[in-house]
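Asker: no sequence on this one, just coordinates:
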């Protein structure tokens, strides 16, 4: 019995953030078994927020990490997303998110640490049995972006990513499902 061949996307074709967003949307839609930064298909919980993630990637926010709000007993999550976009889009999204009461951080490429990822602002976004389990707040260094993405991207695609702002937003309320996603998608339409 032969194993099925892995489904892959050619990330070297990306020459812009728009291209990276389209490839990320295709990965999230199930067209590939892995992305440059995640060695497997999207987590099952991604299905709950798939439509907003696809819209964000098509609009120019290359999503890197995300999770829905989950209010169950024993496991709680704050809705959140981290991605890369142009400064103009980052400013627009941040203003809308802040107006809605969401916690937002924008890191310009010039403010990105060069060698070491910064963990200065650590915010819990998942709790397991009341204990912090997952955090946001790391600001990826240029070195980390080159290491994590550079192997899969052509030089022009990597340059577009390195020139992008890092955009992070989370809902301060545990388990709330729609505010973050509604706010982001309303701003891009």
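Answerer: Alright, I've got the coordinates. These figures come from a predicted structure and were not determined experimentally.
Asker: Would you map the strands across this protein?
Answerer: Applying DSSP state E to the chain gives strands spanning 62-67, 75-77, 80-85, 103-107, 123-128, 131-136, 165-170.
Asker: quick one, what contacts the closest residue to residue 165 other than its chain neighbours?
Answerer: In this structure, residue 165 finds its nearest non-sequential neighbour in residue 90, 4.1 Å apart by CB to CB, 6 or more residues apart in numbering. (C-beta placed from N, C-alpha, C; glycine too.) By CB atoms under 8 Å, 6 or more residues apart in numbering, the residues touching residue 90 are 106, 165, 167.
Asker: Select from those residues the one having the most neighbours.
Answerer: Counting neighbours by other CB atoms under 10 Å, residue 167 leads these with 28 neighbours.
Asker: Relative to residue 54, how far out is that residue?
Answerer: 17 Å (CB to CB, to the nearest Å).
Asker: quick one on the thing from earlier: distance of the residue nearest to residue 165 relative to residue 79?
Answerer: Following CB to CB, the distance that separates residue 90 from residue 79 is 18 Å.
Asker: how about the strands of the chain in a markdown table, adding mean pLDDT and distance to residue 1?
Answerer: A markdown table is the format used below for those (pLDDT from 0 to 100; distance: least, CB to CB, whole Å):
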| stretch | mean pLDDT | distance to residue 1 |
| --- | --- | --- |
| strand 62-67 | 96 | 36 |
| strand 75-77 | 95 | 37 |
| strand 80-85 | 98 | 40 |
| strand 103-107 | 96 | 48 |
| strand 123-128 | 96 | 38 |
| strand 131-136 | 94 | 37 |
| strand 165-170 | 97 | 44 |
